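Trainee: One predicted model, sequence on top.
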Amino acid sequence: MRGVNMDNRDGPRVVDPKYMLGVFAAEVLEMTDQWQKRLDQDPMCFEVLTHEMKALFDRGLGMFMAGILARAMAADEHLKRATQLRDNYDIPLRSGQERQVEIQMAPGFHCFATTLYCQPKNPVKEKEKATPGLDIELSLFGFTEGIAPWMVSKIVRTVVLAPSLEQAHQELTRDGITLERNMIDRIVERAGLEQLTVRERMLESFEIGTLPQGTEFKGKRVSIQIDGGRTRTRSESVEIDPVENFGKNQSEATGKPSQERSKEARRKSTFTPAWREPKVLKIFVHDSNGRKDEACSELIDGSFGDAEYLEKLIAMHMVRTGANLASSITFNSDGATWIWGRIDSILSLAKVQPSTMTFQVLDVYHGCENLNKGIKALGEPATAANDSTESKEPVSESPIPKSTITGLPTFRDLRTKLRDGLWKDVVSNLEAAKVRCEFNEGSNPKEVARVIEYLRSHGEAGRLDYPQFKLMGLPLGSGSIESAIRRVVNLRLKNNGTFWRLNKAECVLVLRASVLSGRWDADRSQIKYAMQKNRKLALPPLVESVPSKTDAA
């Protein structure tokens, strides 16, 4: 018989939330005199007592939730919803059979629920292709792995925001959620896989033209910023024969430096670490001064997939949020060629109308940074005082300004010209100085030529017209996406000594992006409804092999 049992599988039947409140109130009254007595004896134990009170009231919350859940499951409407959910599942399901499962309702409280589990009518033998069955009744309430939905959110948010799983486990234990680390890890991974699955389904709908057109950013001034970070990943472990290599450490067994955490520990396997580039995108609304409009939610997402995958991802998000219907669309980024070469394709995929104003803006700070590199690459001109080895006269502490020797204006002058949109003057000055710097000490003509081509290509593409951009109220810098890279990637996925499995890193990336962009509740709601229709997971195309220097191309 379906329902909820307290304490154990054969425990008292939970029927009414009012009765559970009465049981909880009796427990509180029993503890009240004890707490009051301890506080009177030692006022400094108030914090300790607060933790004990919270634990008891968490248990009371669980008892009340169990009563609410039991009464909801006993209602006729609940059975109708369960039947409808089974009939609407993406594949035919059996009528189902009852099973008793342990469920976590609140910190420090668990109970046992008898629910209906339905398996596919024609299960596929291949495990990787099989569509899992459905726990019809618990899925109606959004449970994951027998954990109440609000606890799932608490666990996942704590793990992705904490610097490590160990730290998150400690904090959750302190809050009364006493789950094993591997269980916490499984819940987080499951949440990440579900979010990736929903994203893949939206991409599929987008590619076939059935994705609903959004209106969130319709008619607004939208900025789209893109950048890449760095994360250390690990390949599959390679087994090392312990008999053949008995007594040898890993370096001796493999003939190369150890790549595990402990550099000289004796191990049975080894792996190859590699830097991978998580590509992050950010879509937000800006005001007439080019600043982020705090009244509108931003969207942050990313992937370890290739640039072509990110291209489709950006276009899909533009359609689902209505950014393709914005009054203006501004792309801000640094000088990475893999980004700029795909903007036209992104606009085409998102079906942005030709009448929509679109702009490409090279981050002004990256432009100045490259300009500075070009000036430094001109080298230091030799002076008579520096060339003479016989002179005993002290060298002046104020060297001759470079501008009087090479005719090149100072960095400040060129930076001002660049910000004023006079990139042609900047390029002309660098070209003239490049001819005269051939014999300068420490000169690097190739680097100077690179900077010249960098500025010329972006200038000819119209990305350096900063005065006009400023008058139009467009963002001039990509500081917003740089901040997102730091908050989403660097503070969690770039820890020293941490090597990620690629799929696990992808899960944490999308979960952390969802939390930090303020879209967690909306995303989780969408995911729970999607999993009711089909629990089969769909993951993005990620290449596990070690990539080249950059996997963005």
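Mentor: Perfect, thanks for sending it.
Trainee: Go ahead and confirm Asp55 touches Phe109.
Mentor: Asp isn't right for residue 55; it's Ala. No - counting by C-beta atoms under 8 Å, Ala55 sits too far from Phe109 to count as a contact (9.8 Å). All C-beta spots, glycine's among them, are computed from the backbone N, C-alpha and C.
Trainee: And the two? Which one has more around it.
Mentor: With other C-beta atoms under 10 Å as the criterion, Ala55 and Phe109 differ in neighbour count, and Phe109 comes out ahead with 22 against 15.
Trainee: and that one, what are its bridge partners?
Mentor: Judged by DSSP bridges, the bridge partners of Phe109 are Ala106.
Trainee: what's the pLDDT at it?
Mentor: Note for Phe109: predicted pLDDT of 90.
Trainee: so what's it up against?
Mentor: The neighbourhood of Phe109, defined by C-beta atoms under 8 Å, 6 or more residues apart in numbering, consists of Asp58, Arg59, Leu61, Gly62, Met63, Ala66.
Trainee: try Met472
Mentor: Contact analysis of Met472 by C-beta under 8 Å, 6+ apart lists Phe359.
Trainee: what's the spacing between it and Ile103?
Mentor: Using C-beta to C-beta, to the nearest Å, Met472 is found at 56 Å from Ile103.
Trainee: Show residues contacting the helix or strand encompassing Ser223.
Mentor: Using DSSP states H and E, Ser223 maps to strand 221-228. With contact meaning C-beta under 8 Å, 6+ apart, strand 221-228 is reached by 277-288, 292, 310, 314, 318, 323, 326-334, 336, 339, 473-475, 478, 480-482, 484-485, 552.
Trainee: and the next element down the chain from that strand?
Mentor: Counting by DSSP H and E, the next helix or strand C-terminal to strand 221-228 is strand 231-234.
Trainee: Does anything pack onto that next one? Which helices or strands?
Mentor: For strand 231-234, the packing partners by 3 or more C-beta pairs under 8 Å, 6 or more residues apart in numbering; DSSP states H and E come out as strand 273-276, helix 502-516.
Trainee: among these, which gets the worst mean confidence?
Mentor: Set side by side, the helices and strands packed on strand 231-234 give their lowest mean pLDDT on strand 273-276, at a mean of 83.
Trainee: Quick check: buried residues in it?
Mentor: Neighbour-count burial for strand 273-276, with 16 or more other C-beta atoms under 10 Å as criterion, is recorded at Ala274, Arg276.
Trainee: Tell me the backbone dihedrals of Ile177, please.
Mentor: Main-chain dihedrals, Ile177, degrees, to the nearest 10: phi -90, psi 90.
Trainee: Return the members of the contacts of strand 221-228 classed as buried.
Mentor: Buried among the contacts of strand 221-228 (16+ other C-beta under 10 Å): 277-286, 292, 310, 314, 318, 323, 326, 328-334, 336, 339, 474-475, 478, 480-482, 484-485, 552.
Trainee: Can you list which of these are found in strands?
Mentor: Using DSSP state E, 279-285, 328-333 are the members of those that sit in strands.
Trainee: Could you dump those residues into TSV and include pLDDT?
Mentor: Formatted as TSV, these follow (pLDDT from 0 to 100):
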residue	pLDDT
Lys279	94
Val280	95
Leu281	95
Lys282	97
Ile283	97
Phe284	97
Val285	97
Ser328	96
Ile329	97
Thr330	97
Phe331	96
Asn332	93
Ser333	90
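Trainee: now the residues you listed as JSON lines including distance to Val4?
Mentor: Converted to JSON lines, these look like this (distance: C-beta to C-beta, whole Å):
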{"residue": "Lys279", "distance to Val4": "46"}
{"residue": "Val280", "distance to Val4": "43"}
{"residue": "Leu281", "distance to Val4": "44"}
{"residue": "Lys282", "distance to Val4": "44"}
{"residue": "Ile283", "distance to Val4": "44"}
{"residue": "Phe284", "distance to Val4": "45"}
{"residue": "Val285", "distance to Val4": "46"}
{"residue": "Ser328", "distance to Val4": "55"}
{"residue": "Ile329", "distance to Val4": "52"}
{"residue": "Thr330", "distance to Val4": "54"}
{"residue": "Phe331", "distance to Val4": "53"}
{"residue": "Asn332", "distance to Val4": "53"}
{"residue": "Ser333", "distance to Val4": "53"}
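Trainee: mind listing the strands for the protein?
Mentor: With DSSP E as the criterion, the chain has strands spanning 3-6, 13-14, 97-106, 109-118, 134-135, 221-228, 231-234, 238-239, 269-270, 273-276, 279-285, 299-303, 328-333, 357-362.
Trainee: so how many other residues sit close to the closest residue in space to Leu464 that isn't next to it in sequence?
Mentor: Excluding its sequence neighbours, the residue lying closest to Leu464 (C-beta to C-beta, 6 or more residues apart in numbering) is Trp423, at 4.5 Å. Applying other C-beta under 10 Å, we find 24 residues neighbouring Trp423.
Trainee: residues touching Leu362, list them.
Mentor: Contacts for Leu362 (C-beta under 8 Å, 6+ apart) come out as Ser333, Asp334, Gly335, His458, Arg463, Leu464.
Trainee: do you know how far it is from Leu430?
Mentor: Leu362 is 16 Å from Leu430, by C-beta to C-beta.
Trainee: and if you look at Lys37?
Mentor: 81 Å.
Trainee: Quick check, pLDDT for the closest residue to Tyr454 other than its chain neighbours.
Mentor: Residue nearest to Tyr454 in three dimensions, not counting chain neighbours: Asn370, with 5.4 Å by C-beta to C-beta, 6+ apart. Per-residue pLDDT puts Asn370 at 93.
Trainee: hang on, Asn370 packs against Glu453?
Mentor: No - the pair Asn370 and Glu453 fails to qualify as a contact (C-beta under 8 Å) at a distance of 10.4 Å.
Trainee: Okay, now the unreliable bits of the stretch 451-553 of the chain?
Mentor: 544-553 (pLDDT under 70).
Trainee: Equivalent analysis for the chain, please.
Mentor: Across the chain (using pLDDT under 70), the flagged ranges come out as 1, 123-131, 235-243, 245-272, 380-409, 438-439, 544-553.
Trainee: distance of Glu311 from Lys536?
Mentor: Glu311 is 26 Å from Lys536, by C-beta to C-beta.
Trainee: The two: which is more packed in?
Mentor: Using other C-beta under 10 Å, the more surrounded residue of Glu311 and Lys536 is Glu311, with 21 against 13.
Trainee: Excluding chain neighbours, give the residue nearest to that one in space.
Mentor: Nearest to Glu311 is Arg342, by C-beta to C-beta, 6+ apart, at 4.9 Å.
Trainee: just Gly442 next, same as before
Mentor: That would be Gly379: by C-beta to C-beta, 6+ apart, it lies 4.2 Å from Gly442.
Trainee: Check whether the one you found really touches Glu447, as I assumed.
Mentor: No - using C-beta under 8 Å, Gly379 is not in contact with Glu447, being 10.1 Å away.
Trainee: the more surrounded of the two?
Mentor: A count of neighbours by other C-beta under 10 Å puts Gly379 above the other of Gly379 and Glu447, at 19 against 16.
Trainee: residues contacting that one?
Mentor: Cys437, Asn440, Glu441, Gly442, Ser443, Asn444.
Trainee: cool, and Ile343?
Mentor: Ile343 makes contacts with Phe331, Gln360, as judged by C-beta under 8 Å, 6+ apart.
Trainee: ok, it to Thr330 distance?
Mentor: For Ile343, the distance to Thr330 - C-beta to C-beta - is 11 Å.
Trainee: What's the end-to-end length of stretch 207-223?
Mentor: 23 Å (C-alpha to C-alpha, to the nearest Å).
Trainee: Mind listing what's buried along that stretch?
Mentor: Leu211, Gly214, Phe217, Lys220, Arg221, Val222, Ser223.
Trainee: all helices of the stretch 351-500 of the chain, in order?
Mentor: Assigned by DSSP state H, counting those that start in this stretch, the helices in the stretch 351-500 of the chain fall at 364-376, 384-387, 402-406, 411-419, 423-436, 445-460, 466-471, 479-484, 491-493.
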